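# Okay, sequence plus prediction incoming.
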Amino acid sequence: MKTAIAMIGLLAASSHAAELPPVEDFVRQPVYSSARISPGGDYLALLVDRGEQDVVTVLRMSDLSVMKINQLPDNKSAAGIRWIGDDRLVFTAIRKFGGFAAPFGTGEWFAVNADGTKPEAFIFYGSRGVTEQRKTVGNQSFSMLDPLIDDPRNVLMQASYPRSNEGAGTEVFMVDTVSGSRKSLGRAPRENCGLVLDEKKEVRYAVCYDQTDDQGRYDPSSELHRRNDDGSWSLVNNGERGGKQLRVMGTDKSGTIYAMADDGKAPPAFGTLDASTGEFRQVFKDEVSEVSNWISSPTDETVLAVVTEAGAPRVTLVNEEHPDAQLYASLAGAFPGQMVNFSSATRDGKQIIVSVYSDKNPGELYLFDRTSGKARFLLKSRDWIDPSQSASIRPFNFKSRDGLTIHGYLTLPKDSAGKKLPMIVMPHGGPMGPRDNWGYNGETQLFASRGYAVLQINFRGSGGFGKAFQDMAYGQWHTGIMNDIIDGTNWAIQDGVADANRICIYGGSFGGYASLMAPARAPDLFSCAFGYVGMYDAQIQMKLSDTSKSDGGMRYLSRAFGATRAEQDAMSPITYADRIKVPVMLAAGARDPRCPPEHTEAMFAALEKAGNKPEDMIIASGEMHGFYKLENNVDLYTRMLAFFGRHIGGSVEVGDVETERQASTAN
């Protein structure tokens, strides 16, 4: 009889698990991360994310058949795909070191035909044969400025090279992608600059950066220089004129110069720059949110609209008279409630790749043909996801305890009433610069599929709301930022969304830090905490992290943490291990250079000593600052969901690993 009862229980658990979408659906890499149509319209180049390595895949537009998959050796990833002719493209090599950290470029560049023939490395390091010596570079790192699509052999590239411990020189070259020969077209006026071309493809502006203020404190700023016809440089703006810093963003084919003006207080204004006087003319400004993106004409690169993202993306047309503005409005109207953009276009602008995404839709590509006036569906980034079954994201804002308006996003399970739900608070990484955005998010969708509401807060320090808002994070990691997270959590309780007795906190990188610090600050607010690739001890970060290996990085850490040992200890979660009473789980990558695994091991030991031994700890071999391998991510989130299930419940009330494993492998 016991055997029969046990079998009935197993069948019930399996039936319940089968109703849940598998964990793998939410952590699998998308089919593509970027796409570019060839100038003649015959091919589509996709950047395909395979986790640890990104590859370039070329499709034939007529039937979307695969022409060639380009994979680099030594586990290098491809990036920066650009067409340089009707059937030839180039791309660079990068190295990835975790989902929470930006990859770094190797500086190498490669060219290949659409069908995979004539592959060439035209910029590389190390020794090669005598015939390829011109392709070898030493300490220069190259990035693309313009692919010159009407010249299938040459491209314009920016090269940076060290000139001091913290300074880099910058120069623009015309590079022959066959022979590797390089011709200099102009140098920056000083160290640490980015160069901008004009409509004639000539070097015209330099936006130069400094890391420190007059007192030597870490405080990035910029100045703008203009290159004269004789090759000399003139200072246009150094941040002192009206207290504003000007940054040139680019030039369209008519010669209109687009720029941002930043007073360091409100979000920067978007506008144009007079080429002769350097005068800035404001076109658009939002008092809350920065311009996060703009939509350009596929024919002449004129900026048609700007995008802001205090909540869901808001598109504002700034050139309504342009014919392509009407085209964009028509296409956007065909996808209500979704974000639409021009991804790339053919040389004549008659065929346009249109990207579409939303909070429920991970992303789709369409080909719009001007001649027929019709859009043809091409690809879905995650074709295994059904948007109709996805959770919705609700933007919100609240007032923090000191009166600051804080914005965020609330993901609610599909078909839920949105009231008295178990909730996961999910602070983002950073904290200065990164932010949460409206759009499909695999993590929040996974949690919502298990019955949890998910709260994301763009606390002080988050990017997208102006320099003054971002600067509020310095010295405020454990105070002001935690206040925002705690106040936002209380807002969700008072709004009726969250069950006050069933709230856990989880995050990665700085989010991992916050997931341990917030329960120390508000012991009765959370029921459990999960820290992922987190920073828990300022002393470890200042000795072992890759950030600590440069003078600029140390200045940043000193301003962010505090200059004294007392300040650094006061902001470290490890200091408060005895105040963290909730169940804890920790995870880290064994090869993480940004937040080394010593953080996680030290936090585990401190909690164990304080009598609150974490329930589980994952140190994943081979992983870095955010896991890449599918099997490691499935294991991570399976164990995470089981942890949440044990303490706050969701759709999986039992919350054990086996139940979630069944769900992850169902069907």
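Yes, it's here.

# can I assume residue 603 sits in a helix?
Yes - looking at residue 603 with DSSP: H, G, I helix; E, B strand; the rest coil, it is inside a helix.

# That one contacts residue 574, correct?
Yes - taking CB atoms under 8 Å as the definition, residue 603 is a contact partner of residue 574 at 5.7 Å. From N, CA and C alone the C-beta is placed, and that goes for glycine too.

# ok, the two, which is more surrounded?
Counted by other CB atoms under 10 Å, residue 603 and residue 574 do not tie: residue 603 has more neighbours, with 29 against 22.

# Touching both of residue 603 and residue 574, which residues are there?
536, 537 (CB atoms under 8 Å, 6 or more residues apart in numbering).

# just so I have it, where are all the helices in the stretch 351-500 of the chain?
442-449, 467-471, 480-494 (DSSP state H, counting those that start in this stretch).

# and the last one, what does it pack onto?
Counting contacts by 3 or more CB pairs under 8 Å, 6 or more residues apart in numbering; DSSP states H and E, the secondary-structure elements packed against helix 480-494 are strand 392-399, strand 405-412, strand 421-425, strand 453-458, strand 498-508, helix 510-521.

# cool, and the first one?
Applying 3+ CB pairs under 8 Å, 6+ apart, one finds that helix 442-449 contacts helix 23-27, strand 405-412, strand 453-458, helix 630-647.

# Just the CA trace of it, in PDB.
Output of helix 442-449 as PDB, limited to C-alpha atoms (Å, rounded to 0.1, in the frame of the first residue of the first chain):
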ATOM      1  CA  GLY A 442      14.900  35.500 -18.900                       C
ATOM      2  CA  GLU A 443      15.400  35.600 -15.200                       C
ATOM      3  CA  THR A 444      12.300  37.600 -14.300                       C
ATOM      4  CA  GLN A 445      10.200  35.500 -16.700                       C
ATOM      5  CA  LEU A 446      11.500  32.300 -15.100                       C
ATOM      6  CA  PHE A 447      10.600  33.500 -11.600                       C
ATOM      7  CA  ALA A 448       7.200  34.700 -12.800                       C
ATOM      8  CA  SER A 449       6.600  31.300 -14.400                       C
END
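
# where are the low-confidence patches of the stretch 101-250 of the chain?
Within the stretch 101-250 of the chain, the stretches with pLDDT under 70 are 126-138, 165-166, 240-243.

# how about 90 then?
By pLDDT under 90, the low-scoring segments of the stretch 101-250 of the chain are 101-108, 124-141, 150, 152, 161-168, 179, 211-217, 238-244.

# Residue 451 is in contact with residue 20, correct?
No - when contacts are counted by CB under 8 Å, residue 20 is not listed as touching residue 451 (9.7 Å).

# Grab the CA positions of stretch 315-335 and hand them over as CSV.
Extracted C-alpha coordinates of stretch 315-335, given in CSV (Å, rounded to 0.1, in the frame of the first residue of the first chain):
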residue,chain,number,x,y,z
VAL,A,315,9.8,57.4,-28.8
THR,A,316,9.7,61.1,-29.6
LEU,A,317,9.9,62.1,-33.2
VAL,A,318,12.3,65.0,-33.6
ASN,A,319,12.2,65.3,-37.4
GLU,A,320,8.6,64.7,-38.4
GLU,A,321,9.0,66.2,-41.9
HIS,A,322,11.5,63.6,-43.0
PRO,A,323,9.8,60.9,-45.2
ASP,A,324,11.3,58.1,-43.2
ALA,A,325,9.7,59.5,-40.0
GLN,A,326,6.3,58.7,-41.6
LEU,A,327,7.6,55.2,-42.5
TYR,A,328,8.8,54.6,-38.9
ALA,A,329,5.5,55.8,-37.5
SER,A,330,3.6,53.4,-39.8
LEU,A,331,5.8,50.4,-38.9
ALA,A,332,5.6,51.2,-35.1
GLY,A,333,1.8,51.4,-35.5
ALA,A,334,1.8,47.9,-36.9
PHE,A,335,3.3,46.6,-33.6
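
# buried residues in it?
Across stretch 315-335, burial judged by 16 or more other CB atoms under 10 Å covers 315, 317, 318, 319, 322, 324, 325, 327, 328, 331, 332, 335.

# Ok, stretch 404-417 next?
Those would be 404, 406, 407, 408, 409, 410, 411, 412, 413, 416, for stretch 404-417 by 16+ other CB under 10 Å.

# Does the second one have any beta-bridge partners, and if so which?
On the basis of DSSP bridges, residue 406 is bridged to residue 398.

# pretty sure it is touching residue 396, no?
No - Residue 406 is beyond contact range of residue 396, at 9.3 Å (criterion: CB under 8 Å).

# Regarding the nearest residue to residue 76 once chain neighbours are set aside, what is its secondary structure?
Among residues not flanking residue 76 along the chain, residue 93 sits closest, at 4.4 Å (CB to CB, 6 or more residues apart in numbering). Under three-state DSSP, the three-state class of residue 93 is strand.

# quick one: residue 93 from residue 264, how far?
Using CB to CB, to the nearest Å, one gets 36 Å for the distance from residue 93 to residue 264.

# With residue 123 instead?
Residue 123 is 37 Å from residue 264, where distance means CB to CB.

# From the opening residue of stretch 334-345 to its closing one, how far?
19 Å (CA to CA, to the nearest Å).

# what sits up against it?
Here stretch 334-345 has contacts from 34-37, 293, 295-299, 307, 313, 315, 328, 331-332, 351-358, 361, 365, 375, 439, using CB under 8 Å, 6+ apart.

# now swap in stretch 613-627 and tell me
With CB under 8 Å, 6+ apart, stretch 613-627 has contacts from 96-101, 508-509, 532-533, 583-595, 597, 600-601, 603-604, 607-608, 629, 632-633, 635-636, 639, 643.
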